[in-house]
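Trainee: everything below, folded, please.
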Amino acid sequence: MESISQKELSKGKENMPKCDFLIVAGGTGGHVFPALSVALELRYIGYRLSWLGQPGSLEERIATENNINFIPHTSPPWHGAGILGKMTLVTRLTASCFKAWGLLNDLNPKVIVAFGGHVTVPVGINSWLQGRKLILHEQNLIPGKANKLLAYIADKIMTGFAGAFSTKKTTTYTGNPLRREISEITSKTQSIKTGLATPMKVLVLGGSNGSDKMNHLIVDAFAMLGQDFKVWHQTGKRNLNEIKTRYLELHKDAYVEEFIEDMASAYQWADVVITRAGAMTIAEVLAFAKPSILIPNPRCAKNHQLYNAMSIADQGAASCTLEDMPNFATEISGKLMFWLANPQEYYKVSKAAKELHDTEDTLARIVSICEEFYDASDVVKVTE
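Mentor: Got it, this is the predicted structure:
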């Protein structure tokens, strides 16, 4: 299913597909992939839905790949716009809100479910002005700007971390919904191992785009280690060949690729995961009960990955190392050697991760909340 073009949008209300739920999410995979999990589940149940996001974006690609009707809507970013951008922000945001008003009238959704990203703001404001139900899902412990603003008018706030939006009466902790291919193989069906064999298998994830600095620092860490470790390293596109060459020069047993498509298999393969501290990745690592070394991205808004990581590390379910530490490589190599030499400590972390993972069906819980706010009085549910 292709997204609706701007020309088709201009034809007016008669050509606009109606929907029961409008998914609004954009910007990063941390917003987009939990939105996708919920969208697919709502569609599977039989609801009509559309996805609104920025044109030419990750969310447009993901929605169209999954045959979800995509509505392009441009909304100005709130940061990194420069002086001129900030001066015109109010004007551009007002124009975006006017357009969102018309789109909501045409789509006539019963419930708007927003997962973050600046594209959610004009839609969320208009949902309140039009008296429509607005539900938010916040993936991180520290809320993003869009959700923080919309929290004042939302009918319900669902959170991936128990401490987020704790002062709001409308808040419910749900956890973060896992991708179906991940949730089908989780710690609920896996037992904690009783032996730690060598070589220890280490999965390295720097995010879908990778991180130049983190990639090289991880290789520096493995340069300090012997042959008791096997590496599967996702680098992103920019320095794939460079990292491959470095491992070859060090004679390390490493499989290096730009992007891992089958993450479920990667998690099952690994003994340890070294990764950024995005909310969705943390949820997946906990689900597989894998000891992890979390490396927060210091360039994230409000340093929210640090708070995510410390929340998990403080409960003994992971280790946290800061990228900007002068002895970063030594810290990483030392932690891996410690776990290899002390398997009882390794399994202590694995057990804590298993216990911290919410064993209830997060996706079912989120969908149930969405359905609570759905009024079917004048809408017929259809099965695709």
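
Trainee: span of stretch 312-330 from start to end?
Mentor: Between the opening and closing residues of stretch 312-330 there is a gap of 22 Å (CA to CA, to the nearest Å).

Trainee: would you mark the buried spots in that stretch?
Mentor: 312-313, 317-321, 328-329 (16 or more other CB atoms under 10 Å). Backbone N, C-alpha and C define where each C-beta goes, glycine included.

Trainee: which one of those residues is nearest residue 67?
Mentor: If you rank the buried residues of stretch 312-330 by distance to residue 67 using CB to CB, residue 312 comes first, at 34.9 Å.

Trainee: for the closest one, which non-adjacent residue is closest in space?
Mentor: The shortest distance from residue 312 to any residue other than its chain neighbours is 4.5 Å, reached at residue 318 (CB to CB, 6 or more residues apart in numbering).

Trainee: in contact with that neighbour, which residues are there?
Mentor: Remark: with contacts taken as CB atoms under 8 Å, 6 or more residues apart in numbering, residue 318 is in contact with 282, 285, 291-294, 309, 312, 349, 353.

Trainee: in JSON lines: the residues you listed, plus pLDDT.
Mentor: Conversion of the contacts of residue 318 to JSON lines gives the following (pLDDT from 0 to 100):
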{"residue": "282", "pLDDT": "95"}
{"residue": "285", "pLDDT": "95"}
{"residue": "291", "pLDDT": "97"}
{"residue": "292", "pLDDT": "98"}
{"residue": "293", "pLDDT": "98"}
{"residue": "294", "pLDDT": "98"}
{"residue": "309", "pLDDT": "97"}
{"residue": "312", "pLDDT": "97"}
{"residue": "349", "pLDDT": "97"}
{"residue": "353", "pLDDT": "94"}
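
Trainee: got a winner among those for most neighbours?
Mentor: Counting by other CB atoms under 10 Å, residue 282 has the largest number of neighbours within the contacts of residue 318, with 31 neighbours.

Trainee: hang on, that one is in a strand, isn't it?
Mentor: No: read with DSSP: H, G, I helix; E, B strand; the rest coil, residue 282 is helix and lies in no strand.

Trainee: you'd agree it is up against residue 305?
Mentor: No: the criterion here is CB atoms under 8 Å, and residue 282 misses it with residue 305 at 9.1 Å.

Trainee: overlap of the contact sets of the two?
Mentor: By CB under 8 Å, 6+ apart, residue 282 and residue 305 have these common neighbours: residue 294.

Trainee: where is the longest helix in this structure?
Mentor: With secondary structure taken from DSSP state H, the chain has its longest helix at helix 82-107.

Trainee: packing partners for that helix?
Mentor: In terms of contacts (3 or more CB pairs under 8 Å, 6 or more residues apart in numbering; DSSP states H and E), helix 82-107 is packed against helix 120-129.

Trainee: what's the following helix or strand after the helix it packs on?
Mentor: Reading on from helix 120-129 to the C-terminus, the next helix or strand found by DSSP states H and E is strand 133-138.

Trainee: name the residues that touch that following strand?
Mentor: 34-35, 38, 110-116, 124, 127-128, 144, 147, 150-151, 153-160, 164-165, 174, 366, 369-370, 373-375.

Trainee: with distance to residue 222 added, can I get the contacts of residue 318 in a markdown table?
Mentor: Output for the contacts of residue 318, formatted as a markdown table (distance: CB to CB, whole Å):
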| residue | distance to residue 222 |
| --- | --- |
| 282 | 23 |
| 285 | 20 |
| 291 | 17 |
| 292 | 16 |
| 293 | 13 |
| 294 | 18 |
| 309 | 21 |
| 312 | 24 |
| 349 | 20 |
| 353 | 23 |
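
Trainee: between these, which is closest to residue 197?
Mentor: Ranked by distance to residue 197 (CB to CB), the contacts of residue 318 are led by residue 291 at 14.7 Å.

Trainee: low-confidence ranges, the chain, go.
Mentor: 1-17, 78-82, 84-86, 186-195, 207-208, 359-360, 376-384 (pLDDT under 70).

Trainee: returning to that earlier point: strands - which of the contacts of residue 318 land there?
Mentor: Using DSSP state E, the subset of the contacts of residue 318 located in strands is 292-294.

Trainee: which one of those residues sits closest to residue 105?
Mentor: For those, with residue 105 as the reference and CB to CB as the criterion, the closest is residue 294, at 44.2 Å.

Trainee: was I right about the closest one contacting residue 282?
Mentor: Yes: the pair residue 294 and residue 282 qualifies as a contact (CB under 8 Å) at a distance of 7.2 Å.

Trainee: overlap in contacts of these two?
Mentor: 308-309, 312, 318.

Trainee: now the two most distant members of the buried residues of stretch 312-330.
Mentor: Every pair in the buried residues of stretch 312-330 was compared (CB to CB); the two farthest apart turn out to be 317 and 329, at 23.5 Å.
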